[in-house]
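Student: quick one: sequence plus predicted model below, questions after.
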Amino acid sequence: MKAQRMITVLERLLEQNWAVFIWGAPGTGKSSIVREVAASRGLEVRDLRASLLDPTDLRGIPMIHDGKAQWCPPVFLPGPEEKPGILFLDEINAAAPLVQAGMYQLVLDRRVGEYELPAGWKIIAAGNRKEDRAVTFRLSSALANRFIHLNLDVDAGDWQNWALAHNVHPVVRAFLHVRHELLYSRAPDEAAFASPRSWEMASDVIRDFGSCQAAADVLPGIIGSGPAIELGAFERNADVAAELEAILADPEGAPVPEALDRLWALVSFMGGRGKEETVRRAAGRLLKRLPADFAVVLARDILKVHPAFVRNPGYLAFMRAHGEYFA
């Protein structure tokens with residue numbers, strides 16, 4: 001299931017009381033999706049790491065009241081006075097079997113002993129898959145049968161939409177347009193590997209250091225040595241700063257690059273600056289000069305950050321000539 005579809009499904013499932021389990025590889029955005037869904041509804045996310053619990057932690061601590069033992073629930077479980085939210089059981093299958101057993105009643109019956117999960121609180125769990133070489137225990141069949149299971153897939157198109165909205169560095173977006181199979185790539189003998197999360201980290205480092213070349217000794221420790229070498233080579237071959245400034249100054253006369261890597265870099269840089277009026281004005285005039293598939297990517301990226309671009313004369317002319325690309 002793609003990330004955008006996962007968000008839609010979770011929003012629908014929040015209308016029910018059934019618990020949901022999100023399966024996915026490390027670094028693919030499981031927790032980010034949960035937080036995005038919660039934020040869209042104004043819900044708190046209570047992050048409970050099952051792998052850090054002991055089997056008795058969920059029950060709490062007993063105290064004597066009127067000669068009887070009464071259990072005091074732990075502070076990390078929401079109380080009846082709190083506003084609705086999501087109880088997020090992250091890394092639940094990294095918890096030991098006895099801890100998993102302690103969650104049976106909470107997940108299915110929304111209670112543990114005398115404690116009851118308040119109305120309006122939903123349970124979402126997440127975990128890595130065994131084949132991803134993460135620390136996992138087998139999820140018991142009794143616990144597994146208490147969840148609706150959703151599998152999160154890594155999708156390059158979905159990630160590009162997210163990356164544009166979250167200001168991921170243009171060179172990273174352009175590179176992954178060309179080498180989309182490296183969005184998630186793992187070498188068996190390296191600790192660092194490429195994932196949606198690590199590409200976001202790489203973007204922040206590149207922006208802080210100024211270029212891939214300046215961060216050449218850091219990037220292998222974020223995305224792995226292979227992707228880091230390719231990214232550096234891509235940046236050297238697709239340095240579009242001068243081309244971009246020339247096109248912004250003269251969008252109808254400045255040379256347009258022909259190599260695919262330089263085209264992707266140009267489109268990504270312009271799309272990333274789509275909120276700027278000068279960029280939108282130049283883009284409208286440039287659309288007719290770009291190969292149609294690159295022009296479509298540029299137009300869509302700008303529309304995502306500035307929907308009024310739909311009224312740009314250059315965009316309207318392009319639509320009349322190539323409307324089938326937007327069907």
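Tutor: In hand now; what should we look at? Remember, predicted model here, so these are calculated numbers, not experimental data.
Student: list the contacts of stretch 294-310.
Tutor: 161, 164-165, 177, 263-264, 267-268, 270-272, 274-275, 279-280, 283-284, 286-288, 290, 315-316, 318, 322, 325-326 (Cβ atoms under 8 Å, 6 or more residues apart in numbering). Where C-beta positions appear, they are placed from N, C-alpha and C, glycine not excepted.
Student: what residue ranges in this structure score low on pLDDT?
Tutor: Along the chain, segments meeting pLDDT under 70 span 131-135, 241, 325-327.
Student: got the residue ranges for the strands in it?
Tutor: Ranges of strands in the chain, per DSSP state E, are 19-23, 44-49, 61-65, 68-72, 85-90, 111-112, 115-116, 122-127, 147-151.
Student: deepest-packed of those strands, please.
Tutor: strand 122-127 (a mean of 24; mean count of other Cβ atoms under 10 Å).
Student: send me stretch 269-279 as CSV with only the CA atoms.
Tutor: Output in CSV follows, covering the C-alpha atoms of stretch 269-279 (Å, rounded to 0.1, in the frame of the first residue of the first chain):
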residue,chain,number,x,y,z
PHE,A,269,15.2,23.1,-8.8
MET,A,270,12.4,25.2,-10.5
GLY,A,271,9.6,23.1,-8.9
GLY,A,272,11.2,23.5,-5.5
ARG,A,273,11.1,27.3,-5.9
GLY,A,274,7.6,27.4,-7.3
LYS,A,275,6.4,29.8,-4.7
GLU,A,276,8.5,32.5,-6.2
GLU,A,277,6.8,34.7,-8.8
THR,A,278,9.9,35.0,-11.0
VAL,A,279,10.2,31.3,-11.2
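Student: identify each buried residue in that stretch, please.
Tutor: Phe269, Met270, Gly271, Gly272, Arg273, Gly274, Glu276, Val279 (16 or more other Cβ atoms under 10 Å).
Student: contact partners for Ala187?
Tutor: Per Cβ under 8 Å, 6+ apart, neighbours of Ala187: Phe193, Gly224, Ser225, Gly226.
Student: go again using 6 Å as the cut-off
Tutor: Applying Cβ atoms under 6 Å, 6 or more residues apart in numbering, we find Ala187 in contact with Gly224.
Student: can you lay out the strands of the chain as CSV showing distance to Glu200?
Tutor: As requested, these are exported to CSV (distance: least, Cβ to Cβ, whole Å):
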stretch, distance to Glu200
strand 19-23, 19
strand 44-49, 19
strand 61-65, 40
strand 68-72, 40
strand 85-90, 18
strand 111-112, 36
strand 115-116, 37
strand 122-127, 18
strand 147-151, 22
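Student: between these, which gets nearest to Phe234?
Tutor: strand 147-151 (30.9 Å; Cβ to Cβ).
Student: need the residues that contact that closest one.
Tutor: Met1, Trp18, Ala19, Val20, Phe21, Ile22, Trp23.
Student: what's the closest of those residues to Thr56?
Tutor: Once Cβ to Cβ is applied, the member of the contacts of strand 147-151 that ends up nearest Thr56 is Ala19, at 21.4 Å.
Student: Tyr126 contacts Ser32, correct?
Tutor: Actually, residue 126 is Ala rather than Tyr. No - contact criterion Cβ atoms under 6 Å: Ala126 and Ser32 do not qualify, at 10.5 Å.
Student: sorry, back to before: now, which of the contacts of stretch 294-310 lie within helices?
Tutor: Among the contacts of stretch 294-310, the members found in helices (DSSP state H) are 161, 164-165, 177, 263-264, 267-268, 270-272, 279-280, 283-284, 286, 315-316, 318, 322.
Student: weed out the non-buried ones from those residues.
Tutor: Using 16+ other Cβ under 10 Å, the buried members of the ones in helices among the contacts of stretch 294-310 are 164, 177, 263-264, 267-268, 270-272, 279-280, 283-284, 286, 315, 318, 322.
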